[in-house]
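**Student:** Turn this into a model:
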Amino acid sequence: MAAQTSCEEGGADLRDELDASVESGSGYICLCGPPSSGKTTLLLNYLTAREQHVRNMRSSFHLEYVSGKALDGDPLQRLTWRLQPRTKRRRAQCTVQQFGCLVRQWLDDAAEGSELHFVLDDADTLEDDAADVNHWLSECLPAAPEGRKRSVVCLWIVSQMPLHISNSFRFHFLSKPDAAVVQVWLNSLFAANREFFFGDPGPSTPHFTLGQAHTAAVDAVAYYITHLPMRASIVAQDVRQLLQRVHHILPLLAPHYTSGRPNAMHHSAAWGKRRELAKVGSGNDPLVAALRRIGYSAILWAVSAFYCGAVPRSKQAYVFDDQGLQRRTRSSGANATSHKAAVLSSSAHSVHVPRLMLVYRALLKICAYHIDPLEFAPAETAVQHHHTLVSWGLLVPSSQNSKAYHCHIPVTSAVGLSQLLSLNLYDLIPR
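**Tutor:** From the prediction side, this is the model:
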């Protein structure tokens, strides 16, 4: 009974997040979770309830759903075919421009405050490259919001793991795993697999036996689910992603098990050394190249500025478990709970230099595990790079507060910069 109540409360919290994402305006919204986690059912139930709400306000609501598993052909062509009037429907090759024209026509005919939602389910099974999906809404979203009478166009991308779509800044994740449940499940799998062997199998490596490999995996899963900042990352929210991460860093932990038992520093260092295979935006990004020539301190200062602008103060203290950050966080009022949507934008929150220095120090503690600390300047010295970012227009003084700044570092540049520090930016974005 308690478990059922907890699930219902979690669904209600996520529906609040989805509401906040839709209210943020048109764009891409990603909903991720493991198989059979109920993400599709949750989304469709949410959109059905929202349809009733929009229609009560005498506005138009239109929903189109396509699934990658049940789709034969181009998903954009299917959506375009459904948007056409029934008397004019024809199956032909479709371009992004034609799709955008139909969407704009629908918005012009609809009343103010109308909503048009496209759901692309099982997106990670599509043959189309994510770069194609990234341009679907390029012809749909107007340059001036008043031109479309403040209507909303949302493309919901439902997948097991986040797709690399640079135009998507809103992510929602389901099924945060429990450490004890995952450990019991891994132990049962190990016991079942051992039955297929006659006696104790030989070692797969000269000094790392099957039992040691299982122990290392269980210990790593338990540590990453229960310790900050790993437990706050989006990877630790999904068992599938977490086990994939543990699988990749297992070779980094193996030497410590053959000579003894790894400690917290070994687990944290192994987590930090694991880089994502796809390096989004770091190849030809001029900002990444420029800061790389300046040095690690400039890179870390820029990542810290992006982080301060993208993540609210209360969640910064939660991720880093830092006393200095907690003392400077106001837990009263609506500010502590108002940011429920996972809107990854560097301009979401104001940036203050004292807070920026605290985040710089917190990130420096993580980077020191796998980069020589002598490569970094202390926060009091690294503050000189703040003037560089201001002169480049990446930090703009606020018109309401002379001591506050608004950050305009793109998310793709921030991801590329964090990879130079052997950090995965999405690991540090809490739910």
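**Student:** quick one: the strands in the stretch 151-300 of the chain?
**Tutor:** With DSSP state E, counting those that start in this stretch as the criterion, the stretch 151-300 of the chain has strands at 152-159, 171-173.
**Student:** any idea of the pLDDT on Gln237?
**Tutor:** Gln237 carries a pLDDT value of 72.
**Student:** That one contacts Phe173, correct?
**Tutor:** Yes. With contact defined as C-beta atoms under 8 Å, Gln237 counts as touching Phe173 (4.5 Å). Quick note: C-beta positions are derived from backbone N, CA and C, even for glycine.
**Student:** Would you mind telling me which of these two has the busier surroundings?
**Tutor:** Neighbours were counted for Gln237 and for Phe173 using other C-beta atoms under 10 Å; Phe173 has more, 24 against 21.
**Student:** now the end-to-end length of stretch 364-378.
**Tutor:** 9 Å (C-alpha to C-alpha, to the nearest Å).
**Student:** now what about that stretch, what contacts it?
**Tutor:** Residues outside stretch 364-378 that contact it (C-beta atoms under 8 Å, 6 or more residues apart in numbering): 229, 265, 268-269, 272-273, 295-297, 300, 379, 382, 421-423.
**Student:** which residue ranges form the helices in the stretch 101-250 of the chain?
**Tutor:** Ranges of helices within the stretch 101-250 of the chain are 130-133, 179-194, 210-226, 239-259, based on DSSP state H, counting those that start in this stretch.
**Student:** Now mean neighbour count and distance to Val119 too, for these, in JSON lines please.
**Tutor:** Below are the helices of the stretch 101-250 of the chain laid out as JSON lines (neighbours: other C-beta atoms under 10 Å; distance: least, C-beta to C-beta, whole Å):
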{"stretch": "helix 130-133", "mean neighbour count": "16", "distance to Val119": "13"}
{"stretch": "helix 179-194", "mean neighbour count": "13", "distance to Val119": "30"}
{"stretch": "helix 210-226", "mean neighbour count": "19", "distance to Val119": "30"}
{"stretch": "helix 239-259", "mean neighbour count": "17", "distance to Val119": "21"}
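**Student:** Could you dump these into TSV and include distance to Trp106?
**Tutor:** Formatted as TSV, the helices of the stretch 101-250 of the chain follow (distance: least, C-beta to C-beta, whole Å):
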stretch	distance to Trp106
helix 130-133	20
helix 179-194	45
helix 210-226	45
helix 239-259	36
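**Student:** Can you tell me the number of residues neighbouring the closest residue to Trp156 other than its chain neighbours?
**Tutor:** Nearest residue to Trp156 in three dimensions, chain neighbours excluded: Val119, at 4.6 Å (C-beta to C-beta, 6 or more residues apart in numbering). Neighbourhood size, Val119 [other C-beta under 10 Å]: 22.
**Student:** surely Val119 meets Tyr65?
**Tutor:** Yes. Under the criterion of C-beta under 8 Å, Val119 makes contact with Tyr65 at 4.4 Å.
**Student:** joint contacts of these two?
**Tutor:** Shared contacts of Val119 and Tyr65 (C-beta under 8 Å, 6+ apart): Leu44.
**Student:** What pLDDT is listed against Tyr360?
**Tutor:** On pLDDT, Tyr360 comes in at 92.
**Student:** ok, now how distant is it from Asp16?
**Tutor:** From Tyr360 across to Asp16, the span is 32 Å (C-beta to C-beta, to the nearest Å).
**Student:** Specify which residue of the two has the higher count of neighbours.
**Tutor:** Using other C-beta under 10 Å, the more surrounded residue of Tyr360 and Asp16 is Tyr360, with 25 against 13.
**Student:** Now do the SS call for that one.
**Tutor:** helix (DSSP: H, G, I helix; E, B strand; the rest coil).
**Student:** List the contacts of it.
**Tutor:** Going by C-beta under 8 Å, 6+ apart, the list of residues near Tyr360 reads 300-301, 304, 379, 382.
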